[in-house]
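[1] Let's see this in three dimensions:
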Amino acid sequence: MIIDGLGLILDLLVEGLKRLAVAIWRPVRGQVWSGGWESEAGRFVVAVRESSRRAVLIPGVGGVRWRRPDQVVSDAVPLACSVRRRRGRRVEIGFGDGSWVTVWMRSLPAAERFHSQSVSFAG
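    As a prediction, this is how the structure comes out:
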């Protein structure tokens with residue numbers, strides 16, 4: 001009984017520390033998406049979080065496709081979106097309904113490559 005209570009207190013403490021870290025970091029990193037859960041960006045965020053919390057983005061003719069890391073390239077799902085801008089490893093992807101989401105690329109060269117390929121396919 002006491003051990004269960006201590007476990008609950010420890011879980012609540014850890015969750016509180018996680019929320020505090022997010023609250024402290026949010027002003028530093030800026031807003032990461034806009035449009036609400038029902039927007040195209042919101043549905044993309046939900047799909048990625050439900051799959052693996054990671055996504056492989058593939059720029060190409062006609063837009064960007066995405067897949068989970070464990071899927072093959074042919075399973076990539078098209079997104080009706082375009083790259084809005086890039087800042088360092090952060091790339092903002094805009095959707096047709098005006099919503100957008102920021103994704104963090106694994107490295108600066110990967111972000112530069114993704115941005116340049118997206119721009120060259122769009123132009």
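[2] got the residue ranges for the strands in the protein?
    Using DSSP state E, the strands found in the chain span residues 33-34, 56-60, 63-67, 77-79, 81-87, 90-95, 100-104.
[3] Show me what the longest one packs onto, helices and strands only.
    Helices and strands touching strand 81-87, as assessed by 3 or more Cβ pairs under 8 Å, 6 or more residues apart in numbering; DSSP states H and E, comprise strand 63-67, strand 90-95, helix 108-122. In short, each C-beta sits where N, CA and C put it, glycine included.
[4] Out of these, which gets nearest to residue 19?
    The closest approach between residue 19 and any of the helices and strands packed on strand 81-87, judged by Cβ to Cβ, belongs to strand 90-95 at 22.5 Å.
[5] mind listing what's buried in the closest one?
    By 16 or more other Cβ atoms under 10 Å, the buried positions in strand 90-95 come out as 91, 92, 93, 94, 95.
[6] what does stretch 41-55 give?
    Residues 41, 42, 44, 45, 48, 55 are the ones in stretch 41-55 that count as buried (16+ other Cβ under 10 Å).
[7] The first one - nearest residue in space that isn't next to it in sequence?
    Read that as residue 41. Nearest residue to residue 41, sequence neighbours excluded (Cβ to Cβ, 6 or more residues apart in numbering): residue 99, at 3.6 Å.
[8] low-scoring stretches of the chain, by residue?
    Along the chain, segments meeting pLDDT under 70 span 1, 25-30, 62, 119-123.
[9] neighbours around residue 89, how many?
    As a burial measure, residue 89 scores 15 neighbours (other Cβ atoms under 10 Å).
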